[in-house]
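Q: The following comprises the amino acid sequence and a computationally predicted model.
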Amino acid sequence: MERNPLMRALLGFVLLLGLAPALLAQRPLHTVRGAVKDTEGAGVANVEILLESPSRSTRTDTTGRFALDSVPEGERRILVRRIGYLALRFTVKVPQAPADTLRAIMVQIPQQLAPIDVQVERKGIYGVVGDTAYHALPGTLVEVLGARIADTTDERGRFAFEALKERQFVLRVSRVGYYGRLITVDFTGKGRDLSVFLTPYSKGTFDWANSPEALVALPDLAVRLAMEPKRYRMTREELDRFGSMALCDIPRIRSQAGADPNIIMRGSTWFRNGDLCAYSADQLDLVEWGDDPCKEAWKSIADVLGLYCGPQRGVRLQASGTPGSMSIATVRRDKRKGYIVLWPR
């Protein structure tokens, strides 16, 4: 008896499902090789190398070299991280070309203890500043960017800011002989009590929070915090929900900043060939964005990008049909590209 065509199709589908694991198992797997070095060219040992999908991991050896096995073909994202260094992300084409290796250069950063944040009944932002040995640091300057106020810690290392509006702020904590700290606070009217730890400064290292670049970028950030709606940024509290997810995979950022935005680091440095997928949520304390740099309140982002923020229509002189005469032509300038500003932890 001849089978119903529908039954034959269902039977074929079931057989295909049964064969699917075997077909997947037959897909060729490859090894991704590479080396991780510091800015001096020395290999960095015990660096964690993570393949995002499918999940694979390994670590570098004493020379900084690694081999990540069982990697499927295609474009694969790899996370490179170690405590005390700025994490990196790469997109690798698998299989690699013959004799090709992935080369990663890691930038060492001062290891800083995360601030301790506790809710209290009093309405305001309070806290204590100490060093990494848990000794109070009196006389430390604490500024609230976005509110134009500052305080100096007392003999117990404590500071207090009361009668604040419900808004997102950035605390800048600085003291001679220590690395400066920038800490975002999403103030919703509930009291916050912070314990902030400063790391002693090491000679020859870069302290951005107390650099000339910071003197220019931080006042501009303060203006944006005070004048721009909070929908144009995400603070550490919001970013923590996404863990190590790449920024390009966070729907809110991708939809509002665009697929390929200009990337600006700390409000002052334009990464012309920057890749949004190279940064993860847990690396950052604050992320800002916009679809047009010329809509930003202070126009500082447009200055960094070297953009002209005049009318989108302009004029230019051009040769006309009559010899020796000129005519005026209307010019439509290209649509401005979105931007994103990253503030590392």
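A: Everything's here; your move.
Q: all contacts plus neighbour counts: C-alpha atoms, from now on.
A: Fine.
Q: in this protein, which strand has the most residues?
A: Using DSSP state E to define each element, the chain has its longest strand at strand 29-38.
Q: Convert the C-alpha atoms of it to PDB, please.
A: These are the backbone C-alpha positions of strand 29-38, laid out as PDB (Å, rounded to 0.1, in the frame of the first residue of the first chain):
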ATOM      1  CA  LEU A  29      37.100  21.700  14.100                       C
ATOM      2  CA  HIS A  30      40.300  23.700  14.300                       C
ATOM      3  CA  THR A  31      42.900  25.100  16.700                       C
ATOM      4  CA  VAL A  32      43.300  28.900  17.200                       C
ATOM      5  CA  ARG A  33      46.900  29.800  18.100                       C
ATOM      6  CA  GLY A  34      48.200  33.000  19.400                       C
ATOM      7  CA  ALA A  35      50.400  34.900  21.900                       C
ATOM      8  CA  VAL A  36      49.700  37.600  24.500                       C
ATOM      9  CA  LYS A  37      52.300  40.200  25.300                       C
ATOM     10  CA  ASP A  38      52.500  43.300  27.500                       C
END
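Q: What is it packed up against?
A: The contact analysis (3 or more C-alpha pairs under 8 Å, 6 or more residues apart in numbering; DSSP states H and E) places strand 29-38 against strand 65-72, strand 102-106.
Q: Could you tell me the angle between the last one and strand 29-38?
A: Just to be clear, that refers to strand 102-106. Angle, strand 102-106 to strand 29-38, by axes from the mean of the first three to the mean of the last three C-alpha atoms, to 10 degrees: 30 degrees.
Q: And for residue 192, the neighbour number?
A: Neighbour count for residue 192, taken as other C-alpha atoms under 10 Å: 22.
Q: Next up, the contacts around it.
A: Neighbour list for residue 192: 117-120, 123-127 [criterion: C-alpha atoms under 8 Å, 6 or more residues apart in numbering].
Q: What subset of those residues is buried?
A: With neighbours counted by 16 or more other C-alpha atoms under 10 Å, those contain buried members at 123-127.
Q: Sitting in strands, which of those residues do you find?
A: With strands taken from DSSP E, the overlap with the buried ones among the contacts of residue 192 comprises 124-127.
Q: Flag every buried residue along stretch 121-137.
A: Buried, per 16+ other C-alpha under 10 Å, within stretch 121-137: 123-131, 136-137.
Q: Check the offset of that stretch from the chain's centre.
A: Mean-position distance between stretch 121-137 and its chain equals 27 Å (C-alpha atoms, centre = their mean, to the nearest Å).
Q: Domain-wise, how is the chain divided?
A: Domain assignment of the chain by automatic domain parsing yields the ranges 29-106, 116-206, 211-345.
Q: got the ones you listed as JSON lines, with mean pLDDT columns?
A: As requested, these are exported to JSON lines (pLDDT from 0 to 100):
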{"stretch": "domain 29-106", "mean pLDDT": "89"}
{"stretch": "domain 116-206", "mean pLDDT": "94"}
{"stretch": "domain 211-345", "mean pLDDT": "83"}
